[in-house]
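Asks: the following block contains a protein sequence and its predicted model.
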Amino acid sequence: MRSWLRALSLAALALAAGGAQAGSLPFTGFLAIQVATLAPVAVPGSGVATVGPSGHLGSLALPASPFAGTAIVVPVTDPAAAPILGIQATVHNGAGSFSGGSLGGLMPLNGVAKVCLFAPCAAPPPANVSVPVSVVGAGGIAAVSALVNVTVIGAPWTAGTAAVGTLTAMGFQHGPASLTSSTAAPSGSVRLVTPVFVSTNIGASAVVPTFGILDLHFVPEPTTLLLLVSGVAGLVLLGRRSAR
């Protein structure tokens, strides 16, 4: 009886995983922009990803705008970061497409980031620096000429390692129990990173290492989750009855 119940349990789990792997996987997560070692500006989101045919996650596609935030502010209180007193971002993602062993690919961002100098972002700005984000995760060069000249060089996303100068950001992909062969399954996780080279005409900040970070956690669809819970509950009840 125990072996039969174990087989039914495995079948229920396989049904739940298989239903979610049939071309789409719901996800939750966040999109973040991290400037140097400052706290990241993070935008939470959720949606449905299109995945490749195998549990190893050979390809991944995301729709536009599951991650969208307006005027998100992260205060900066570290004296070593002066005169920066805050980071503010209005951003949403474009559609993304990633493939290969490192899940390399493009996903542009739309919006702008602002570095608040000499005063918090909520205060009347004596000097703010706008940083274009359109090339982040897409490649190319964008520049702004104002009180402070800013040039931004973007690059594709990767689940590997992104480096700007001596700073690095690490991506990853794994499924339950940290197995890469089951990333495209409920409880699978993916982190994609992209290096952002930001340069200014301020001597002390001639190069500002910046990274884009995309975290995804795959979750079962509601109907699949309900089926799984009901199946496991039924197996537990059956096991109790058989034990009497």
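Replies: Structure's in. What do you need? Numbering: from 1, shown residues only.

Asks: could you list the low-pLDDT ranges of this protein?
Replies: 1-22, 53-54, 125-126, 221-244 (pLDDT under 70).

Asks: quick check: Ser161 vs Ala119, distance?
Replies: Not Ser; residue 161 is Thr. 36 Å (Cβ to Cβ, to the nearest Å). Just so you know, the C-beta spots here come from the backbone N, C-alpha and C atoms, and that holds for glycine as well.

Asks: higher neighbour count, these two?
Replies: Counted by other Cβ atoms under 10 Å, Thr161 and Ala119 do not tie: Ala119 has more neighbours, with 15 against 12.

Asks: I'd like the next helix or strand past whatever helix or strand Phe98 lives in.
Replies: Element membership of Phe98 [criterion: DSSP states H and E] is strand 96-99. Per DSSP H and E, the first helix or strand lying C-terminal to strand 96-99 is strand 104-106.

Asks: so which other helices or strands are in contact with whichever helix or strand comes after that next one?
Replies: As assigned by DSSP H and E, the chain's next helix or strand after strand 104-106 is strand 109-117. Secondary-structure packing of strand 109-117 (3 or more Cβ pairs under 8 Å, 6 or more residues apart in numbering; DSSP states H and E): strand 24-35, strand 84-93, strand 127-132.

Asks: list the contacts of the residue nearest to Thr210 when sequence neighbours are not counted.
Replies: Counting by Cβ to Cβ, 6 or more residues apart in numbering, Thr210 lies nearest to Val196, which is 3.9 Å off, once chain neighbours are set aside. Val196 is in contact with Ile33, Val136, Val152, Ile153, Gly154, Ala155, Val164, Pro209, Thr210, Phe211, Gly212, counting by Cβ atoms under 8 Å, 6 or more residues apart in numbering.

Asks: give me the number of residues near the residue lying closest to Lys114 once chain neighbours are set aside?
Replies: Distance criterion Cβ to Cβ, 6+ apart; nearest residue to Lys114, sequence neighbours excluded, is Gln88 at 4.5 Å. Number of residues near Gln88 (other Cβ under 10 Å) recorded here: 22.
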